[in-house]
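Novice: below are the sequence and a predicted model for it; my questions follow.
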Amino acid sequence: MPIYRITAPNGKTYQIEGPPGASDADVAAAVVAQFPDAGREAPETTTAGQVKEFAKGIPAGAIGLLETAAVGASNILPQAEEDSAKKAIREFASAVKQPFAAAEGYEDTVGRKFGEALGSTAPFFALGPLGMAGKAAATGLAAGAGAGEASTRAEAKGATQDQQTLATIGGTAVGLTEMLPVFHFLEKLGG
């Protein structure tokens, strides 16, 4: 069967398999049947909306970083406790992020993503003025975040426990190397 590509009313492009010679209307109906949100018009975004989503993205990004670091830190627990800890961390973070959730249509906008990116760096800069204690905390946060990101990706791809452990170790190392430019920047700020 041929593969059809169609841009739905929500602005997203879908690929769907269908019978030879299917009309555009048939393909559109099949896409909407499979993906009900595809039939809804994408909401209009505004400059004011982008600014609002930028502001909401900052705390959401910070919470997301802390969630990822906590998930990474939970990898040191025995397997039985690790799974329940990750579940509890994700549920708690989801509840805390809820007031900062993106409005419909703004999930992938530049303003939202820029706010989230800024928010994910804010905890590191907040720890900067705390001297060596701040650097130690920032290093732990970076290591945990790297471990959490790597273990979450490995888990999502169906990796074995050994593969997840290896990914977590590698992610920890990556997280630690990401601190080098932050430390350099903080030293320049301090004079």
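Specialist: Sure thing, it's come through.
Novice: buried stuff in stretch 1-13?
Specialist: 4, 6, 8, 10 (16 or more other Cβ atoms under 10 Å). Just so you know, the C-beta spots here come from the backbone N, C-alpha and C atoms, and that holds for glycine as well.
Novice: which SSE is the residue minimising distance to the centre of the chain in?
Specialist: The chain has residue 64 as the residue nearest its centroid, 6.9 Å off, counting by Cα atoms, centre = their mean. Using DSSP states H and E, the element containing residue 64 is helix 47-73.
Novice: pLDDT on stretch 63-72, on average?
Specialist: Average pLDDT, stretch 63-72: 96.
Novice: what does that stretch contact?
Specialist: Stretch 63-72 is contacted by residues 86, 89-90, 93, 96-97, 100, 116, 119-120, 123, 140-152, 168, 171-172, 175 when judged by Cβ atoms under 8 Å, 6 or more residues apart in numbering.
Novice: tell me the secondary structure at the residue located most distally from the centre of the chain.
Specialist: No residue in the chain sits farther from the centre than residue 21, which is 39.8 Å out by Cα atoms, centre = their mean. With DSSP: H, G, I helix; E, B strand; the rest coil as the basis, residue 21 sits in coil.
Novice: how about residue 10?
Specialist: Under three-state DSSP, residue 10 comes out as coil.
Novice: still on that earlier bit, can I get the buried residues of stretch 1-13 in TSV with distance to residue 50 and pLDDT?
Specialist: Formatted as TSV, the buried residues of stretch 1-13 follow (distance: Cβ to Cβ, whole Å; pLDDT from 0 to 100):
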residue	distance to residue 50	pLDDT
4	33	87
6	28	85
8	23	82
10	19	78
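Novice: surely residue 138 touches residue 124?
Specialist: Yes - using Cβ atoms under 8 Å, residue 138 makes contact with residue 124 at a distance of 5.0 Å.
Novice: the two - which one has more neighbours?
Specialist: The neighbour comparison of residue 138 against residue 124 (other Cβ atoms under 10 Å) goes to residue 124, with 24 against 21.
Novice: what about the more buried one, which helix or strand?
Specialist: Residue 124 belongs to helix 110-127, assigned by DSSP H and E.
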